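Trainee: Here is the input, now give the coordinates:
(2 chains)
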Amino acid sequence: MKFTQTFIPTLKDAPKDAEIISHKLLFRAGLIRKLSSGIYSYLPLGLRSIQKISNIIREGMSTWGAREVLLPLVLQKDLWEESGRWQAYGKELLRFQDRHEKWFTLGPTHEEAIVDLVRNDVQSYKQLPLNLYQIAPKFRDEIRPRFGLMRGREFIMKDGYSFDMDEEQANKTYQRMYDAYNWIFKQCGLNFRAVEADTGTIGGKFSHEFMVLANTGEEAIVSCEACGYAANVEKAEIGYPDSGTGTAGEESPAPALVETPGKHTVEEVSGFLKVRSSDIIKTMIVKADDTFVAALVRGDRELNPIKLKNALNANEVQLATDADCVGISGAHAGSIGPVGLKIKIIADREIAAMRNAVAGANQDDHHYTGITPGKDFQPALIADIRNAVAGDQCPHCFKPLGITRGIEVGHIFKLGTKYSLKMHAEFLDESGVSKPFVMGCYGIGVGRTLAASIEQNNDNDGIIFPITIAPYEIELIAINMKDKDISDTAEAVYREMKDRGFDIIYDDRDISPGMKLKDADLLGFPVRIVIGKKFKNEGVVEIKVRKTGEVITSTTQALVEKITALRKSLLP
RNA sequence: CGGGGCGUGGCUCAGCCUGGUAGAGCGUUCGGUUCGGGACCGAAAGGUCGGCGGUCCAAAUCCGCCCGCCCCGACCA
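Mentor: Numbers count the residues shown, from 1 in each chain, chains lettered A, B, ... in the order given. Alright, predicted model coming up:
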């Protein structure tokens, strides 16, 4: 492709609404343009990159047994009433009427559509397993779209759905998709982790998020360098090699009541009493379903509501209101403590090991010092209920854990029979018994993958594309188009490379060299060939690798050979 | 939905407080000079100042309503 024959509107300045680096660069490099909030057009280079990612996905899906379909974007209300989601889905579901005043929605996800397809045409276990996917635009009317392609309203997504005859088969399918996803993101040249994720309200054990590691990521993830364990911070367990219970026989002083006027937060109390925040017991009263319990974590830790919920076997937990706190403990939040508290106490595992600690005294503006768990109060339950922090031990190998940020680009999920039961999607098994399909669903944000890649691979000059998803692999630059020697050679090189099947774009614009070089860096093609001064003087062209900055020279004759070798070295 | 901010040529922004008939840089067009890191000289095009209404002799500027966009939060997965 030649620059003069395509459309690459690059910009020196980013528009002011671009906040994060990928958004700025996508815009400046002329890959996308905004049409309205959260809704973008893909320009030729952006589209090409999207298509390359899509094709990698297709290859991965195909290899691991999924077949491509294309489902409608516009879906009618009755299907969504069957699944119950017409009511359950909030305002994110865009609803509208046609001329006959029938209600429709733009699909934010396609469980209903796929279940309807499969239930009509699959009746026998002999037709299973079945795994179908599509790559198509989706629409979610996000409350607040932001960060360009990272969180749009209209976005391109790969969504896949599997249908299996039983749990065992479904687990195998899940594992295949897990393998496929690892292959796909590796092939896209991304530094990513598959992390265990909380399954939310649907339940079940199986859910993994695929996170691209980047500082600007919206999610915190916990990972272990040593054994590869990785999990969403909501879910991450903390390892305790010894049982973590108290050690008997240690000297522990008697509790003493001290005044702490106006000191409520951990920092205020620790500053006032001159103790470390890790010597304070933080007590929070929470309402778990219909009962109140007191949750204890060390002053320097954060309570993890999901872990707490699981430990208590509750459906829902929330912090108690201040009025409830006063009613239960006799003090306002900030002076509450476990000593003498009448409700059930659940303590984080670290609490059990504390000695001579500070805790609220259950009367306003007072704390106790010299508190020792097990002596001065008895927790009913000791469990891991706090967020993991860097340096905590891995639950598998007990090496220190690290915390990084990530961008969720893929999510695989075992759905079970939730949709097949509601929508009566059943098949006959070997013994002629009617059974609901066991389903799984598997998503990849295609646009978000592009944005995440840029978020991870850039420098001050612009994008640094991995070769597999770059709009073009090679850019050819003729420094001076008016110099016939140079422009003729460039034209010849371009034709030959193109004829030999190289994925090459040629900047044939008659503009200053500075602009071409700046644009080349901004656009981030992995390999750049320059024909200029060195060609005039020494008869050689320059090959530069965008990622490393490494430059080699070559005669035009040896170019094909050198580029072939270089290209190979850049593949994942 | 709550809080904050913005809207002036394709992009970035000044002018608004203190009303007097619209500016800069980049980009674009034409001519010329240049040709290895967003070159230089000269000429030019391009704006109902987001929209509607009000105040005033006079509104980009003051007031009201509306629209659009962005940030923070809550919400959702």
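Trainee: where does A:Phe27 land in three-state SS?
Mentor: helix (DSSP: H, G, I helix; E, B strand; the rest coil).
Trainee: Contacts only, for it.
Mentor: A:11, A:14-15, A:18, A:33-34, A:148 (C-beta atoms under 8 Å, 6 or more residues apart in numbering). C-beta: built from backbone N, CA, C; applies to glycine.
Trainee: can you give me the strands for the stretch 451-572 of chain A?
Mentor: When secondary structure is read from DSSP state E, counting those that start in this stretch, the stretch 451-572 of chain A shows strands at A:458-459, A:462-463, A:474-478, A:504-507, A:527-531, A:541-545, A:551-554.
Trainee: And the helix or strand of chain A with the lowest mean pLDDT, how far out from the chain middle?
Mentor: When the helices and strands of chain A are compared on mean pLDDT, DSSP states H and E, strand A:317-319 comes out lowest with a mean of 76. Averaged C-alpha coordinates place strand A:317-319 at 26 Å from its chain's average position (C-alpha atoms, centre = their mean, to the nearest Å).
Trainee: What residues sit buried inside the very next helix or strand once past it?
Mentor: For strand A:317-319, the following helix or strand on the C-terminal side (DSSP states H and E) is helix A:322-329. Across helix A:322-329, burial judged by 16 or more other C-beta atoms under 10 Å covers A:325-326, A:328-329.
Trainee: quick check: mean pLDDT across helix A:322-329?
Mentor: Computed over helix A:322-329, the mean pLDDT rounds to 80.
Trainee: what's near enough to touch the residue of the stretch 301-450 of chain A at minimum distance from RNA strand B?
Mentor: Minimum separation of the stretch 301-450 of chain A from RNA strand B (C-beta to the nearest atom of the strand) falls at A:Glu408, amounting to 6.4 Å. Taking C-beta under 8 Å, 6+ apart as the criterion, A:Glu408 is in contact with A:209-211, A:218-219, A:445, A:448.
Trainee: and whichever strand or helix holds A:Lys24, how far out from the chain's middle?
Mentor: Element membership for A:Lys24, per DSSP H and E: helix A:21-28. Relative to the chain's own centre, helix A:21-28 is displaced by 19 Å; criterion: C-alpha atoms, centre = their mean.
Trainee: so how far is A:Lys287 from the closest residue in space to A:Pro305 that isn't next to it in sequence?
Mentor: Using C-beta to C-beta, 6 or more residues apart in numbering and skipping residues adjacent in sequence, the residue nearest A:Pro305 is A:Val317, 5.6 Å away. When C-beta to C-beta, to the nearest Å is the yardstick, A:Val317 and A:Lys287 sit 7 Å from each other.
Trainee: So these two - more neighbours on which side?
Mentor: A:Val317 (21 against 16; other C-beta atoms under 10 Å).
Trainee: Specify the beta-bridge partners of that one.
Mentor: A:Ala288 (DSSP bridges).
Trainee: Figure out the helix or strand that A:Lys91 lives in.
Mentor: Using DSSP H and E, A:Lys91 maps to neither a helix nor a strand.
Trainee: dump the residue contacts of the closest residue to it other than its chain neighbours.
Mentor: Nearest non-adjacent residue to A:Lys91, counting by C-beta to C-beta, 6+ apart: A:Asp141, 6.2 Å away. Neighbouring residues of A:Asp141 by C-beta under 8 Å, 6+ apart: A:91-94, A:153.
Trainee: Report the secondary structure state of A:Asp141.
Mentor: Once three-state DSSP is applied, A:Asp141 turns out coil.
Trainee: do A:Tyr368 as well
Mentor: A:Tyr368 is classified as strand under three-state DSSP.
Trainee: you'd agree it is up against A:Gly337?
Mentor: Yes. Counting by C-beta atoms under 8 Å, A:Tyr368 touches A:Gly337, with 6.2 Å between them.
Trainee: Can you check the contacts of A:Phe27 and name whichever has the most neighbours?
Mentor: A:Gly148 (28 neighbours).
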